[in-house]
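Enquirer: Need a 3D model of the sequence below.
(chains A and B)
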Amino acid sequence: MADEQRNIAEPAKAALWRRPAVRSMFFQILLVAGIGYFGYTIFQNTLSNLEQRGISTGFGFLDQEAGFGILMTLIPFDETHTYGRTFLVGLLNTLLVAGLGIFFATIIGFLMGVARLSRNWIISKLATIYIETFRNIPLLLQILFWYFAVLRPLPGPRQSIILNDTFFLSNRGLYMPSPIYEQGFWLVMLALGIAIIASILIARWARKRQEDTGQQFHSGIAAIGLIVGLPAVAFLIMGMPLSWDFPVLQRFNMAGGMVIIPELAALLVALSIYTGAFIAEAVRSGILAVSHGQTEAAHALGLRPGPTLRLVIIPQALRVIIPQLTSQYLNLTKNSSLATAIGYPDLVAVFAGTTLNQTGQAVEVIAMTMAVYLAISLSISMFMNWYNKRIQLVER
Amino acid sequence: MKKIHVIASAAALTAALSTNAFAGATFDSVKKKGFVQCGVSIGLPGFSNADEKGNWSGLDVDVCRAVAAAVFGDASKVKYTPLTAKERFTALQSGEIDMLSRNTTWTLTRDSSLGLNFAGVNYYDGQGFMVTKKLGVKSALELDGASFCIQAGTTTELNLADYFRSNNMKYTPVTFDTSDETVKAFDAGRCDALTSDQSQLYALRIKLGNPDGAMVLPEVISKEPLGPVTAQGDEEWFKIVRWSLAAMVNAEEMGITSANVDAKMSSDDPNVRRLLGQEGIKGSGLGLSDTWAADIVKQVGNYGESFERNVGQGSALKIARGLNALWNKGGLQYAPPIR
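Expert: Coordinates of the predicted model:
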């Protein structure tokens, strides 16, 4: 009897395998081990199959001489460099077009998003037409359209459109002079750095002063003055240590100077305009999400329309816009791999294209390429999430 | 019970993943499915090109058809997979196609590190240049500083770099995925010259807006032996492809054509009798029927017939036999004897 009573008050511990916690732990470990074993088997199978079929494996190919040329490189590259270098060249070209694309797409998107909400009938209808046209045509077609639309009407290099003997526009690209930095240019760069830091400090001081006293200070004008003025003074002091390398027409092409190749221009235009249309809609949704009462309240407090938009509407709209904007930035970066269709030497065209084909090491090359896109996308994602958290409504 | 299930399914998965294509696997699967899956180009007139009804023809396509004729006695039992230069080796390595017949250059790297076997040479080619006539260039050595339209993933890219490096000249490569895009960009004036295997240059010239405005320069800057390829690991299948091509060349050498093959059956020449399966080892060594070679000649024709019909005088390309004439007529086409 005594035993029974004790059992009711405090039940005896169940056998180990009957405890829910132990059981669930057991099956979870089993599942993880199963998945791990599955992955390991795939890996081992791939390796042994590649070996049995006589396909070489490993990353040794990265040290081999590439032996082919690349149209556009941001770092020095020629045929004697390695396959590893082609990876870098492709990566930088991808980052370049993605970075510029994000910049232009954001500007286009914000302008068009606001324009679509404009009270001006023409402006709002034009924005609507732009958005609905460009976001409903496949991107690949748009890239091909811009490429051949850019190429066809332009003259050959010998009939270049010449502006002031400095800019040469032909179907080989836009050639312009490239700067050559001479001795003493470091002082100009140093002055620029000091000016930028000073501008930031002034802006902070101005904000604090406004919060304390309510008096405004035009820190923007001061910043422009500093950033232009200080390097200019340094430039004159050092005796203008800068010269230009002008492009010169040779038998077939221009030589010297800098060039924006038509492939880059076409890809950039297509990506910016396509993604801009999506960003415009994100911006519109963000602005519409802020209730009209906010505008009325701001006006009642005496804010003019400009500051109302800047200080009241946009900060609240951003909370809605940012998550969508993040997706669009990621899309743009990944879509830049369509470059391969028009011969822009991005990571996919150079590394996952030519290098893969010359070495035949598909597994390694594709794995590296996927890892790069994953890393770029995760970085963008992390940055945007950080920014999103920063602008979240602080509830008091 | 659950545990046993997990172990059983893991074992089943492992078993499924470890199957791989070994000894005779390709040949067996070809026989089982009843057709040859052949990788060809996306469209290169004369070599592998589809007409508006979707019927493929060309010199490379004829190799696929010859293999089908040898295996099934029916040259039409081929299914085609159009591939870009970039895709071709992966398609073969992964077993998506049984053989590749797509103007592919035989090189050491490809033969030794891609897990492939080159079964022979069905066209001796070399890299050349096409320029517009108004450029006024007579030789490739005048092309210092020019830009070139090239197809990605080809030996062309490497040869071009080598040629300009060894001649100490500068060039700009503009690389495209497909030969169609390459031609379009050349036509739009993006490059001064288009470079590719010479046979392709003639084929691509037809696709230009104004073919007469372009010319092919005389220089040949590389050796490009093009031939059919199989995946490593099935020697039986590899030999069938090799000997199907050899049978076509041998038939031309013996004067056997699709028109006279039936009459030649009663020939007294022992070489002819061995080729047509009247005596000797016949097809048994290859695992084929006695009349395998006769079927090829009857349905596809000999090498010479195929050449003239697709790229020679009977075609729009009008390429001369040149290097591709038989060895006893001043060319390089030479097949091991059938005996």
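Enquirer: Quick one: list the elements packing against the host helix or strand of B:Ser244.
Expert: Using DSSP states H and E, B:Ser244 falls within helix B:235-253. For helix B:235-253, the elements it packs on are helix B:25-33, helix B:59-72, strand B:229-231, helix B:270-275, helix B:292-299, helix B:303-310, judged by 3 or more C-beta pairs under 8 Å, 6 or more residues apart in numbering or on different chains; DSSP states H and E. Every residue, glycine included, has its C-beta placed from N, CA and C.
Enquirer: Quick one: those as CSV, columns for mean neighbour count, mean pLDDT and distance to chain A too.
Expert: Converted to CSV, the helices and strands packed on helix B:235-253 look like this (neighbours: other C-beta atoms under 10 Å in any protein chain shown; pLDDT from 0 to 100; distance: least, C-beta to the nearest C-beta, whole Å):
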stretch, mean neighbour count, mean pLDDT, distance to chain A
helix B:25-33, 17, 92, 11
helix B:59-72, 28, 96, 19
strand B:229-231, 27, 94, 7
helix B:270-275, 19, 93, 32
helix B:292-299, 26, 95, 27
helix B:303-310, 22, 96, 26
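Enquirer: Please work out how many residues are found near B:Ile240.
Expert: 27 (other C-beta atoms under 10 Å in any protein chain shown).
Enquirer: Tell me how far the closest residue to it other than its chain neighbours lies from chain A.
Expert: Leaving aside its chain neighbours, B:Ile240 sits nearest to B:Leu286 (5.5 Å; criterion: C-beta to C-beta, 6 or more residues apart in numbering or on different chains). From B:Leu286 over to chain A the distance is 22 Å, taken as C-beta to the nearest C-beta, to the nearest Å.
Enquirer: right, and the helices and strands packed on helix B:235-253 - which one's nearest A:Asn331?
Expert: Minimum separation from A:Asn331 across the helices and strands packed on helix B:235-253 (C-beta to C-beta) falls at strand B:229-231, 37.3 Å.
Enquirer: What are the contacting residues of that closest one?
Expert: By C-beta atoms under 8 Å, 6 or more residues apart in numbering or on different chains, the residues outside strand B:229-231 that reach it are A:53, B:21, B:26, B:92-93, B:95, B:98-101, B:104, B:115-119, B:237-238, B:241.
Enquirer: Where does chain A get nearest to chain B, which residue?
Expert: Residue nearest to chain B within chain A (C-beta to the nearest C-beta): A:Asn357, separated by 3.2 Å.
Enquirer: so who does the residue nearest to B:Ile240 touch?
Expert: Going by C-beta under 8 Å, 6+ apart, B:Leu286 touches B:Ala70, B:Glu236, B:Lys239, B:Ile240, B:Trp243, B:Trp292.
Enquirer: surely B:Thr161 meets A:Ile70?
Expert: Slight slip there: residue B:161 is Ala, not Thr. No. Counting by C-beta atoms under 8 Å, no contact exists between B:Ala161 and A:Ile70, whose distance comes to 10.1 Å.
Enquirer: Identify the contacts common to these two.
Expert: Counting by C-beta under 8 Å, 6+ apart, the shared contacts of B:Ala161 and A:Ile70 are B:Pro173.
Enquirer: Those two: which is more packed in?
Expert: Ranked by neighbour count (other C-beta under 10 Å), B:Ala161 and A:Ile70 place A:Ile70 first, with 23 against 19.
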